[in-house]
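Engineer: requesting a structural model of the entry that follows:
(chains A, B, C and D, ligands or ions: 4)
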Amino acid sequence: MPKAIEIENFTYKYPDGTSALSDITLSIEAGARLVLIGPNGAGKSTLLLAMAGFVKGTGKVLVDGLEINRGNLKKIRSRLGCCLENPDDQLFMPTLFDDVAFGPLNMGLEAEQVKARVAEALQTVGLAELGDKAPHHLSAGQKRAAAIATIISMSPKIITLDEPDGSLDPRNRDNLVKLLKDLPQTLIIATCNMNFAAALADRAVLLDKGRIIAGGDAKEIMSDSKLMAEHGLEVPHKTE
Amino acid sequence: MPKAIEIENFTYKYPDGTSALSDITLSIEAGARLVLIGPNGAGKSTLLLAMAGFVKGTGKVLVDGLEINRGNLKKIRSRLGCCLENPDDQLFMPTLFDDVAFGPLNMGLEAEQVKARVAEALQTVGLAELGDKAPHHLSAGQKRAAAIATIISMSPKIITLDEPDGSLDPRNRDNLVKLLKDLPQTLIIATCNMNFAAALADRAVLLDKGRIIAGGDAKEIMSDSKLMAEHGLEVPHKTE
Amino acid sequence: MHMANELLSVPVAAGSAAIAAAGLGFICRKVRQIITAEKLALMGILGAFVFAAQMVNFQLPAMPGTSGHMVGAVLLAIILGPHMGAIVISSVVIIQCLIFQDGGLLALGCNIINIALVPSYLGYFLYRTVTAGPFNSLRAYVGAVLACVIAMQGSAALVPVQAALSGVLAVPFTTFLITMLGVHLLVGLVEGLITVAVLGYLQQVRPDIVVNSLPGKVRLSKKAVLATLVIFTIVIGAGISLLASDKPDGLEWSYAERPDQPDFEGIISNDSPTIAAADKLQARYSLLPDYSLRSSVIGDTAENHVEASAGWTSFAGVVGSAATMVLIWLIARVLRKKERLQA
Amino acid sequence: MHHAHIDKFAYQDSPVHRLDSRVKFIVVLVFTALVISLPRTSVSILACYAVGPFAILVLAGIPLRFVFKHILLVSPFVLILALSCPLYDKTPVSVAFGPFLWNTSVGWMRCFTILGKFTVTMLALIALISTTRFNDLLTGLQRLGLPRLLVIQLGFLYRYIFVLIDRAHRILRARAGRRLRRLKFRAELQIAASMLGSLFIRSIDAAEHINIAMQARGFDGNWRTLSKLQIRRCDLFFLLAAVVFMLGIYFFVKPILL
Ligand SMILES: Nc1ncnc2c1ncn2[C@@H]1O[C@H](COP(=O)(O)OP(=O)(O)OP(=O)(O)O)[C@@H](O)[C@H]1O
Ligand SMILES: Nc1ncnc2c1ncn2[C@@H]1O[C@H](COP(=O)(O)OP(=O)(O)OP(=O)(O)O)[C@@H](O)[C@H]1O
Ligand SMILES: [Mg+2]
Ligand SMILES: [Mg+2]
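Structural biologist: Ligands and ions are numbered 1, 2, ... in the order given. Here you go, the predicted model:
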């Protein structure tokens, strides 16, 4: 089985000269639930964008064994679903149904299949009843779930999420953790909330200033209080 | 000394019929550091807006002894500085300096005084060097600090902050806690992050579904695990 | 500036709709080749921006209590080019009609022409003409202000023309025209100033957005503002004095120009004093009857007699309709109650 | 994100809500044209026309309070238009209305007609909007020949108007919280321009994000949606009823009432 993601010596500078990622080398097993942790501005979001082929730097990025280049971008995007930080950016169609159907339709599926996929995705995130709603009628937690549904409906092998816990209250956050834990896909999640990360992940990668500082078992990395403090993070609190 | 805030039987419905606050009665001592906690949609933001006279419901709201009404709205706003949830909304001038100077200029101060105030406010939040930057070039944590500076420069007696901890990493959050703890003003802070709340507050008010559920000593309320769980919150983790 | 259903006859409305549809169809086809997929979201969002921009108001100098806000057609045309600007503003007009019921369904064609097509192209053309050649700040100023003023005048002039073509004008055509032009002179001027100011801001913080439309640095210099203001004050002064002396009722039209957007949380909360003021004006000027102008415009005096003689049938019609409505309402209520009981 | 009250009833369910959006749109369009083309002195015929949209609204379960509040909200322009009529036409006319007799002027008659037409056409438009999901309306309009580009535009617009209006409001609040007195015109202008500019920049940023979200889901420039529109028997029945209603009033009631 190929690795879900393989990145070799990837470097990226934003057009204005900010060096966002330097010499990243990383490989992620298929089926892993991995968190990208790091302080604000570490480059987490940029790295997620790089995995989906939205920023093109120097170096190699392989998704599910395929190297990202112009020709297979479409194929890659049907294997890797990328969910942005702000659900308002992710939900751009007039109704939730259309939003969730957007991906499958673009994959060229038949109307019937699309409908089945939408129903299933909405079911998974617990919004089965709300297909006809307009996104601006949803609550914060529902929007977050809906954004994930828009990705699930494409049934990618890999899902990346950028700070999915933002502005959720503890109960909604727990629901999200449950939802994510039940997903069979490879998950790659950027967050700077260590408790959320600890509740969810088995692997972790610590980024700071565009470089990978550490990578490996989530518990191990996140319990290293010296490492965490050095990079502006904290040790997650024990939960039973 | 008058109370910082006194609210009596305040009720507010949004124009679309959502009942956001019902029969709120609350009084806040001058000098307190109070957190408004509650799940998503509890009405925290709305209550902060009500304190600054942005939403007008039935009932009485007194700020620093003055009842809010049309005539003294400006006076009240010079005593109560209200910092919105998203710093991007708060920072709209071309440079950080202009933004921080906006309030003092509007208060009718002299150019010299304004400059002094801006310098002081930027100093307080640790952005002394960045006056000439455009706000959207700042990082998340810097934006947050800048938004607070725009309020501090008006030197109000009371400062309200809506989820100031949003999307900050632990280090930035700790810095914010330090910064806020050093402010002499009465602070009223809405948040659904209990750890942040616990680190900061001496008083707490728990809101849910537009009603006040509990109010009093912060430690006491937030350590009541049954109460917290009931309202979708969590008990903050011990920190030494 | 929204045209209302009531100011139009069906043929004129249909004709305008046909023109608007043809124009839009043409632009869409033309633009399809140059629009990349990335532009789709951008255009949609900018349409929403125009909406939101209308919420942003600020105090006008001469008239305390009034506030200006901007419409944005010329700004978008300058930044995006006229085709995209026209499409964006057209969709704004359509949404305003459908969701906010601003201007009627029948007037949609006219509104697209007046508010979207004409200002976009006229404004863009003027701005480009004035700023062609070596760049300087004053030119950008004059260009933007001129573009806004003239574009606004153009579209303002269309309203009375369309109404006159429809033959439904109760107000004398020249009065209506002069009023519309006069009012929109001021509106256009303010919009022009704010357009340059926004361009200046964008240049300061996101120069990449405006490289094409602002090749050099524009400054909000006092001199430029003053010069522009002086020029236009003279023009406006002349316009207003003309208005005030000759056609007092013109002012009503200025009140009509208040934003008739739905009132979000009372941002625009001065509707009632406006109407009160209009009433007062009317009370004052209704003492000065002036028959001669109108009889040529109106031709339905014959119908008056019919109306008078048909008194009882009319009565029956109104009462019957009212009774029907009450009946429908009652039945629906009963039915709904039953439904609820069953549920 | 809560301005949903503008079209909140569109998401209910009723026989009217289930009708095909194309049929509804065309009926409302024709109805509006018919009402507007009525002569300018008859108020009574308008009352008969009002029955149609009224029945639809009631059948669809739209609260009438909401409807009338909304009509009032959008009326200022037309109100002034109507009220200026009596100023210009003082030709006296006496109107017999059943047992009543009024001496008034043509201007006033016109004023009432304009208001009547406005109310009736608004009733129809509101009936359309509050019983049709905007998305269905858009799909319908596309089937009726609205260019694809405009349809996409309108979809985005509908989605983001509320987001951006909320944003504008928050910026306005931030200004109001710190603006304690009026400034000189130039300062006001500059502040307003800054607010608009920052709104603009953030709109562009949002557009960039949305673009990424679209590409991430395989968007390649071809806009695909699933259309659920379909003309059924009840739509035809509604069409028939509407035609009968309109023609009936036009040919049988109108000659009597005029
Ligand atoms: N569009 C951009 N243009 C220029 N620089 C950028 C841009 N976006 C981000 N950066 C910079 O690149 C670096 C990495 O940014 P990135 O958004 O990836 O960080 P992050 O880890 O996601 O932070 P956060 O926790 O705040 O989301 C930062 O220094 C940031 O300022
Ligand atoms: N502009 C609005 N129009 C209508 N309803 C609104 C509006 N803003 C908020 N609400 C509703 O009012 C209630 C209280 O909202 P509020 O924003 O005060 O909650 P909150 O406690 O700040 O939540 P959060 O933690 O998500 O910020 C919610 O039910 C919300 O859906
Ligand atoms: Mg990020
Ligand atoms: Mg809130």
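
Engineer: the lowest-mean-pLDDT helix or strand in chain A packs against which elements?
Structural biologist: Using mean pLDDT, DSSP states H and E, helix A:73-79 stands out as the lowest-scoring helix or strand of chain A, at a mean of 87. When contacts are defined as 3 or more Cβ pairs under 8 Å, 6 or more residues apart in numbering or on different chains; DSSP states H and E, helix A:73-79 packs onto strand A:66-67. In this view, the C-beta of every residue, glycine as well, is placed from N, C-alpha and C.

Engineer: given the strand it packs on, what are its sheet partners and their directions?
Structural biologist: Within its sheet, strand A:66-67 is paired with strand A:58-63 (antiparallel), according to DSSP bridges.

Engineer: just the CA coordinates of the partner strand, formatted as PDB?
Structural biologist: Output of strand A:58-63 as PDB, limited to C-alpha atoms (Å, rounded to 0.1, in the frame of the first residue of the first chain):
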ATOM      1  CA  THR A  58      10.200  23.300  -5.000                       C
ATOM      2  CA  GLY A  59      10.500  19.700  -4.000                       C
ATOM      3  CA  LYS A  60       8.200  16.700  -4.400                       C
ATOM      4  CA  VAL A  61       4.800  16.000  -3.000                       C
ATOM      5  CA  LEU A  62       3.200  12.600  -3.500                       C
ATOM      6  CA  VAL A  63      -0.400  12.000  -2.700                       C
END
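
Engineer: mind listing what's buried along it?
Structural biologist: Residues of strand A:58-63 classed as buried: A:59, A:61-63 (neighbour count, 16 or more other Cβ atoms under 10 Å in any protein chain shown).

Engineer: reformat those as a markdown table; add distance to B:Gln185 and pLDDT.
Structural biologist: Putting these into a markdown table (distance: Cβ to Cβ, whole Å; pLDDT from 0 to 100) gives the following:
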| residue | distance to B:Gln185 | pLDDT |
| --- | --- | --- |
| A:Gly59 | 50 | 92 |
| A:Val61 | 49 | 92 |
| A:Leu62 | 54 | 93 |
| A:Val63 | 51 | 93 |
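
Engineer: in a helix, D:Ser94, correct?
Structural biologist: No: according to DSSP: H, G, I helix; E, B strand; the rest coil, D:Ser94 belongs to no helix; its state is strand.

Engineer: ok, the residue in chain A positioned nearest to chain C - how many residues close by?
Structural biologist: Here the residue of chain A nearest chain C is A:Phe92; by Cβ to the nearest Cβ that distance is 6.9 Å. Look at A:Phe92: counted by other Cβ atoms under 10 Å in any protein chain shown, it has 27 neighbours.

Engineer: give me the nearest residue to it, chain neighbours excluded.
Structural biologist: D:Ile210 (5.0 Å; Cβ to Cβ, 6 or more residues apart in numbering or on different chains).

Engineer: burial count for A:Tyr8?
Structural biologist: You called it Tyr, but residue A:8 is Glu. Counted with other Cβ under 10 Å, residues neighbouring A:Glu8 total 14.

Engineer: same question, the one 10 residues further on
Structural biologist: Residue neighbour count, defined by other Cβ under 10 Å, stands at 13 for A:Thr18.

Engineer: quick check: residues of chain A near chain D?
Structural biologist: Residues of chain A lying near chain D by Cβ under 8 Å from any Cβ of the partner chain: A:49, A:52, A:54, A:74, A:77-78, A:81-84, A:86, A:88-95, A:97-98, A:101-103, A:105-107, A:111, A:114-115, A:132-137, A:150-151, A:154.

Engineer: looking at the residues you listed, which are in strands?
Structural biologist: A:81-83 (DSSP state E).

Engineer: hey, where'd the helices end up in chain A?
Structural biologist: Under the criterion DSSP state H, helices of chain A are mapped to A:44-51, A:73-79, A:87-90, A:96-106, A:111-125, A:140-152, A:170-181, A:194-200, A:218-222, A:225-230.

Engineer: buried stuff in the fifth one?
Structural biologist: Within helix A:111-125, the residues scored as buried using 16+ other Cβ under 10 Å are A:114-115, A:117-118, A:121-122, A:124-125.

Engineer: output these in JSON lines; the columns should cover distance to A:Gly41 and pLDDT.
Structural biologist: Below are those laid out as JSON lines (distance: Cβ to Cβ, whole Å; pLDDT from 0 to 100):
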{"residue": "A:Val114", "distance to A:Gly41": "39", "pLDDT": "93"}
{"residue": "A:Lys115", "distance to A:Gly41": "42", "pLDDT": "92"}
{"residue": "A:Arg117", "distance to A:Gly41": "37", "pLDDT": "93"}
{"residue": "A:Val118", "distance to A:Gly41": "37", "pLDDT": "93"}
{"residue": "A:Ala121", "distance to A:Gly41": "33", "pLDDT": "92"}
{"residue": "A:Leu122", "distance to A:Gly41": "35", "pLDDT": "92"}
{"residue": "A:Thr124", "distance to A:Gly41": "33", "pLDDT": "88"}
{"residue": "A:Val125", "distance to A:Gly41": "30", "pLDDT": "88"}
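
Engineer: please determine whether the strand or helix carrying D:Ile161 lies in contact with ligand 2.
Structural biologist: Applying DSSP states H and E as the criterion places D:Ile161 in helix D:148-178. No: Helix D:148-178 lies out of reach of ligand 2 by Cβ under 6 Å from any ligand atom, never closer than 6.8 Å.

Engineer: now check that helix, is it near chain A?
Structural biologist: Yes: among the residues of helix D:148-178, D:155-156, D:158-160, D:162-163 lie within reach of chain A under Cβ under 8 Å from any Cβ.

Engineer: tell me the SS of D:Leu101?
Structural biologist: strand.

Engineer: picking up where we left off before, who touches the least confident helix or strand of chain A?
Structural biologist: Residues from elsewhere that reach helix A:73-79 (Cβ atoms under 8 Å, 6 or more residues apart in numbering or on different chains): A:52-53, A:63-64, A:66, A:68, A:107, A:154, A:156-158, D:215-218, D:220.

Engineer: for stretch D:48-65, which positions count as buried?
Structural biologist: D:48-62.

Engineer: number of nearby residues for residue 17?
Structural biologist: With no chain named, the answer covers chain A. Around A:Gly17 sit 6 other residues, with neighbours defined as other Cβ under 10 Å.

Engineer: to clarify, I was referring to chain D.
Structural biologist: Neighbour tally, D:His17, other Cβ under 10 Å: 20.

Engineer: what does the one 10 residues further on give?
Structural biologist: Per other Cβ under 10 Å, the neighbour tally for D:Val27 reads 24.
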